[in-house]
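Participant: Next comes the sequence, and after it the predicted model I'd like to discuss.
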Amino acid sequence: MTRGENNPIRVGVLGARGRMGATVVRAVEAAPDLEVVAALDAGDELSALTGARAEVVVDFTHPDAVLDNLRFLVENGIAAVVGTTGFTEERLSTVREWLRDKPGLGVLVAPNFALGAVLAMRFAQQAARFYESVEIIELHHNRKADAPSGTAAHTARLVAEARREAGLKPGADATTSEVDGARGALVDEVRVHSVRLPGLVAHEEILFGQEGETLTIRHDSMDRTSFMPGVLLGVREVLGRPGLTVGLENVLDL
Ligand SMILES: NC(=O)C1=CN([C@@H]2O[C@H](COP(=O)(O)OP(=O)(O)OC[C@H]3O[C@@H](n4cnc5c(N)ncnc54)[C@H](O)[C@@H]3O)[C@@H](O)[C@H]2O)C=CC1
Ligand SMILES: O=C(O)C1=N[C@H](C(=O)O)C[C@H](O)C1
């Protein structure tokens, strides 16, 4: 039977009382082809997901919790759409390893589900080989648990890879005296600066420089609804995408 209003995808949400999770619950409830069958938060039993026969689970929890959640989902054959940050290459390899025993099962991990953020990362990747130097500034609300943001870390890796492919060395500067942290954190040889302020939601600037000019690529999420079209697309697509997909750009086919 084809999926749609008469046969909605059964969706579970982890982190349902959080900022993102609560927004996801509302977005899924408003989509006629999707149905919330479980909305869980810290302290709830994951077995409620199997009890509710969830087909896809959306995880917006905490970097310390997400891997245990994901292991449960994979073991139980439930597809996952993961927005929670903290995914290093090592963690991604672990997930690939688990999925090896589950042919047909899909997991989508995306550091950012906002269309503009995905485009900004792609534009930065394209610009990377043309500039001598690059730095990233990410700006977020002051309730954010991690720094730098998952998006900034992912952007840094993409830009660094493009620069390496072009044979570029890390950008040079004359700063020899600095207060610890003043020049940001190095992520794959790219400097990343994290700002935390009440009033902000999620923002990223990628700054490129060379003699005589700079290029700034900036994306702003003003509201968490900006992530919802990407999350819902992920939920609809993950059932047909076996294995691990990293980044919404692969689903959007950018
Ligand atoms: N990929 C993307 O587009 C986006 C990713 N994020 C990421 O999503 C994560 C959550 O962000 P927020 O919603 O702002 O955080 P939040 O702190 O508002 O919500 C997290 C929720 O998860 C719950 N939780 C913690 N451990 C849990 C567990 N083991 N099982 C079930 N629930 C658990 C907490 O009680 C809380 O209600 C962060 O890693 C953040 O960086 C946030 C926005 C967009
Ligand atoms: O915690 C947030 O808010 C966000 N987290 C993600 C990240 O760390 O990149 C995505 C977005 O920036 C919002």
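Facilitator: Ah, there it is. Numbering: from 1, shown residues only. Ligands and ions are numbered 1, 2, ... in the order given.
Participant: Ramachandran angles for the residue most central in space within the chain?
Facilitator: Against the mean C-alpha coordinate of the chain, by C-alpha atoms, centre = their mean, the closest residue is residue 111 at 1.2 Å. When read as degrees, to the nearest 10, the backbone of residue 111 gives phi -70, psi -20.
Participant: my read: it touches residue 146, true?
Facilitator: No - between residue 111 and residue 146 there is no contact, the gap being 11.0 Å when judged by C-beta atoms under 8 Å. C-betas here are computed from N, CA, C, even on glycine.
Participant: joint contacts of the two?
Facilitator: Counting by C-beta atoms under 8 Å, 6 or more residues apart in numbering, the contacts common to residue 111 and residue 146 are residue 85.
Participant: if we look at stretch 78-86, which residues are touching it?
Facilitator: Applying C-beta under 8 Å, 6+ apart, the external contacts of stretch 78-86 come out as 12, 15, 20, 49-50, 54-66, 70, 73-74, 105-111, 113, 146, 149-150, 227, 231, 234-235, 238-239.
Participant: Ok, stretch 108-117 next?
Facilitator: 80-83, 85, 87, 92, 95, 118, 121, 149-151, 153-154, 202, 204, 219-221, 226-231, 234, 237-238, 241, 244-248, 251-252.
Participant: Export it to CSV, keeping only CA atoms.
Facilitator: What follows is stretch 108-117 as a C-alpha-only set of coordinates in CSV (Å, rounded to 0.1, in the frame of the first residue of the first chain):
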residue,chain,number,x,y,z
LEU,A,108,20.2,9.9,8.2
VAL,A,109,22.5,12.1,10.4
ALA,A,110,22.5,15.8,9.5
PRO,A,111,24.3,18.6,11.4
ASN,A,112,21.8,21.1,10.0
PHE,A,113,18.3,20.6,8.5
ALA,A,114,17.8,24.2,7.3
LEU,A,115,18.0,24.5,3.5
GLY,A,116,20.0,27.7,3.7
ALA,A,117,22.5,26.2,6.0
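Participant: How far does that stretch sit from its chain's centre?
Facilitator: Per C-alpha atoms, centre = their mean, to the nearest Å, the displacement of stretch 108-117 from the mean C-alpha position of its chain is 5 Å.
Participant: Now do the closest residue in space to residue 144 that isn't next to it in sequence: how many residues are near it, please.
Facilitator: Using C-beta to C-beta, 6 or more residues apart in numbering and skipping residues adjacent in sequence, the residue nearest residue 144 is residue 196, 6.4 Å away. The tally of other residues near residue 196 (other C-beta atoms under 10 Å) stands at 13.
Participant: cool, and residue 205?
Facilitator: Look at residue 205: counted by other C-beta under 10 Å, it has 19 neighbours.
Participant: can you confirm it is in a strand?
Facilitator: Yes - residue state for residue 205 (DSSP: H, G, I helix; E, B strand; the rest coil) corresponds to a strand.
Participant: From what I see, it and residue 134 are in contact.
Facilitator: No - judged on C-beta under 8 Å, residue 205 makes no contact with residue 134 at a distance of 10.9 Å.
Participant: Which PyMOL command selects the buried ones in the contacts of stretch 78-86?
Facilitator: Here is the PyMOL command that picks out the buried ones among the contacts of stretch 78-86, judged by 16 or more other C-beta atoms under 10 Å:
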select buried, resi 12+15+20+49+50+54+55+56+57+58+59+60+61+62+66+70+73+74+105+106+107+108+109+110+111+113+149+150+227+231+234+235+238
